[in-house]
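Student: need coordinates for the following:
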Amino acid sequence: MKKSRILSIALVGTFMVGLLAACAPAAPEAPQATAPPLATQQAPGNEPTPAPADAQRGLTIAVRSETPSVAPARHTASEGHFKNCLTHNGLFRLDSVTLEPVPDLVESWRSISDTVFEFTLHEGIMFHNGEEMTAYDVVASLEYVRTYPIATVFHGSVVGSEVVDRYTFTIDTGTPNAMLFFELAFQANFIMPASLIEAGHDFTAEPIGSGPFVFYNWNFGDSLTFHRFDNYFDTNRQAHLDYVHWRIIPEGAQRTIALENDEVDYVVEVALPDVSRLRDNDAVTVLEHQTTRFSYILLNNELPQFENVYVRRALDMALDKEAMLMASLEGFGEPTWQLMPPVFAGSSATGSRSFDPDGARAILAEQGVDPAELAFVLTVYSEEDRRRAEVVQANLNDIGVPITIAMVDFAAWLDMTRDGTFDAATGAFTASNMLMFMRSTMHIDSIPAPNRSKIRNLELSELISEAIATIDPTSRIATLEEASRVANEHAGFIPTNTNVVVRAFNSNLVVPEVSATGFMLHLNMAYWTN
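Tutor: Okay, the predicted model is just below:
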């Protein structure tokens with residue numbers, strides 16, 4: 001029997017994944033995946049049940065975009081995060097249901113003070129190069145990430161770290177910090193061998209971690225392959241699959257056809273016009289999951305067109321968010337006017353706007369702004385975003401603002417939005433609570449990325465910093481609500497919608513539940529039933 005499942009957000013803690021770029025060398029051909037016939041879907045829960053010993057084989061996954069890098073500290077992209085979770089571990093990992101951090105490499109921890117914490121590693125954790133992980137590797141990795149500016153925004157909680165003994169170390173946050181354990185679950189802080197860091201090893205060519213899979217090859221522009229690591233330290237989470245093979249298939253219709261023809265087993269970004277057809281296919285399970293993924297239109301606040309807050313508000317008011325959602329995502333999501341995902345504690349609609357083209361025209365007239373002089377280029381990188389941009393183009397043309405749509409590949413989008421060589425761009429961001437979302441997308445310290453709109457509101461940044469340093473949850477939420485109001489009024493970017501993630505896979509495949517972030521966090525727990 002075919003299964004179509006809709007999962008709801010439980011409610012959230014703090015994590016993220018945004019976007020960035022790199023390249024890697026070509027390598028030997030990946031193994032051919034054996035695609036199975038039919039399937040079942042895992043029942044809700046934190047962990048799938050263990051697979052039978054004879055149910056092991058590989059998995060081929062179709063994705064839309066190439067990962068920027070296989071080195072954890074070199075990007076902030078969900079496309080890369082999926083792969084980093086195969087090859088590496090953090091001190092903590094996120095529970096896929098609660099989105100709260102739970103110990104991973106860490107066996108135990110204790111607080112020495114409000115700012116200093118002591119952690120003890122599991123003994124016997126092996127890296128892929130045969131070395132045992134120690135506290136020295138942890139301290140070296142936490143220092144290493146500081147050398148890559150793109151990752152340091154997710155490393156801000158750690159002021160210092162010191163080795164106590166072979167398996168024990170301390171971390172100092174300097175001031176009270178509500179984000180520490182969440183950051184320690186983020187890919188930039190995944191642990192690598194100190195010996196390789198000191199030797200200048202090229203982790204972009206050969207990522208070496210302690211994860212359940214070992215990097216095998218990257219055929220750039222085509223595929224990546226990872227093989228099971230038989231010496232994985234956590235026997236309860238040992239990979240059931242022999243390998244995971246990722247195929248890059250940019251066209252949504254081709255991803256669907258590949259699944260229907262058993263060329264791939266799992267599609268990450270399902271072409272939404274194909275969902276109805278896939279639901280009727282007994283050999284396919286369709287999973288629909290409400291997520292914290294938040295779509296918006298980046299406005300380069302450093303450009304003359306977008307310096308005026310009233311202009312940014314007027315552009316927001318001119319857009320029909322419901323029409324955008326239907327055109328781009330077939331209605332899979334919810335339109336939104338506030339600049340933070342509404343599901344988060346601390347998110348507030350105070351200071352936000354609504355669809356009002358006449359009001360938008362009036363604001364521009366009051367400001368003495370000629371709409372024609374606001375002309376800009378809206379950059380997109382996917383079919384869905386191009387359709388969304390076409391609604392934006394029609395709405396803004398209605399108030400006299402001409403725009404041009406430019407479609408680029410994902411790597412170019414990342415470079416342009418990081419470097420500020422764009423006018424406006426469609427984008428999305430995934431987080432697991434307000435702290436990470438606001439600090440990443442709105443704090444001045446997060447420029448150039450992931451604060452890609454280049455928002456430089458000092459009052460807003462100070463409120464975000466105050467919330468991070470506030471340990472009491474009630475007081476922190478009150479500060480975040482005030483920050484939400486300031487963000488809505490500042491209108492640094494244009495919110496469009498929250499998202500429903502749609503995944504489709506062979507019905508003989510049992511997979512971990514997709515988390516509310518939309519991430520695929522635990523592929524080591526996936527297995528086949530036949």
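
Student: start to end distance for stretch 258-274?
Tutor: 12 Å (C-alpha to C-alpha, to the nearest Å).

Student: and Phe410, how far from Glu466?
Tutor: 35 Å (C-beta to C-beta, to the nearest Å). All C-beta atoms are positioned from the backbone trio N, CA, C, and that covers glycine.

Student: who's more crowded, these two?
Tutor: Phe410 (21 against 15; other C-beta atoms under 10 Å).

Student: wait, that one sits on Tyr381?
Tutor: Yes - between Phe410 and Tyr381 a contact is recorded at 4.9 Å, counting by C-beta atoms under 8 Å.

Student: so what sits against both of those two?
Tutor: Ser65 (C-beta atoms under 8 Å, 6 or more residues apart in numbering).

Student: and the longest helix along the chain, what's buried?
Tutor: Ranked by residue count, the top helix of the chain under DSSP state H comes out as helix 473-490. By neighbour count on 16 or more other C-beta atoms under 10 Å, the buried set for helix 473-490 is 476-477, 479-490.

Student: report the distance from it to the chain centre.
Tutor: 23 Å (C-alpha atoms, centre = their mean, to the nearest Å).

Student: cool, and stretch 331-344?
Tutor: For stretch 331-344 - counting by C-alpha atoms, centre = their mean - the centre lies 16 Å from the chain centre.

Student: mind listing what's buried in that stretch?
Tutor: Within stretch 331-344, the residues scored as buried using 16+ other C-beta under 10 Å are Phe332, Gly333, Glu334, Pro335, Thr336, Trp337, Gln338, Leu339, Met340, Pro341, Val343, Phe344.

Student: now the second one. Its backbone dihedrals?
Tutor: In other words, Gly333. phi 150, psi -170 (degrees, to the nearest 10).

Student: unless I'm mixing things up, it is touching Met326, no?
Tutor: No - Gly333 lies out of contact with Met326 (C-beta under 8 Å); the separation is 9.8 Å.

Student: next, the distance between the ends of stretch 89-103.
Tutor: 10 Å.

Student: quick one: contacts for Glu384?
Tutor: Taking C-beta under 8 Å, 6+ apart, one finds Leu272, Ser328, Leu329 in contact with Glu384.

Student: let me see the ranges of the strands in the stretch 351-500 of the chain.
Tutor: In the stretch 351-500 of the chain, the segments counted as strands under DSSP state E, counting those that start in this stretch are 376-380, 403-407, 424-431, 493-506.

Student: the third one pairs with which strands, and in what direction?
Tutor: Going back to what we said before, that points to strand 424-431. strand 16-17 (antiparallel), strand 284-299 (antiparallel), strand 376-380 (parallel) (DSSP bridges).

Student: the longest one now?
Tutor: Listed by DSSP bridges, the sheet partners of strand 493-506 and their directions read strand 266-267 (antiparallel), strand 284-299 (antiparallel), strand 333-335 (antiparallel).

Student: what about the contacts of Glu384, which are in strands?
Tutor: In strands, judged by DSSP state E, none of the contacts of Glu384 are found.

Student: among these, which one lies nearest to Ala394?
Tutor: Ser328 (13.1 Å; C-beta to C-beta).

Student: distance of the closest one from Ala389?
Tutor: 8 Å.

Student: before we move on, what about Asp282?
Tutor: Per C-beta to C-beta, Asp282 is found 36 Å from Ala389.

Student: neighbour count for these two, which is higher?
Tutor: Ala389 (25 against 12).

Student: ok, the more buried one - contacts?
Tutor: Leu378, Val380, Ile405, Thr426.

Student: what pLDDT is listed against it?
Tutor: pLDDT recorded at Ala389 is 97.

Student: Ile444 too?
Tutor: 95.

Student: need the contact list for the closest residue to it other than its chain neighbours.
Tutor: For Ile444, ignoring the flanking residues on the chain, the nearest one in space by C-beta to C-beta, 6 or more residues apart in numbering is Ser461 at 4.5 Å. For Ser461, the contact set (C-beta under 8 Å, 6+ apart) comprises Met442, His443, Ile444, Asp445.
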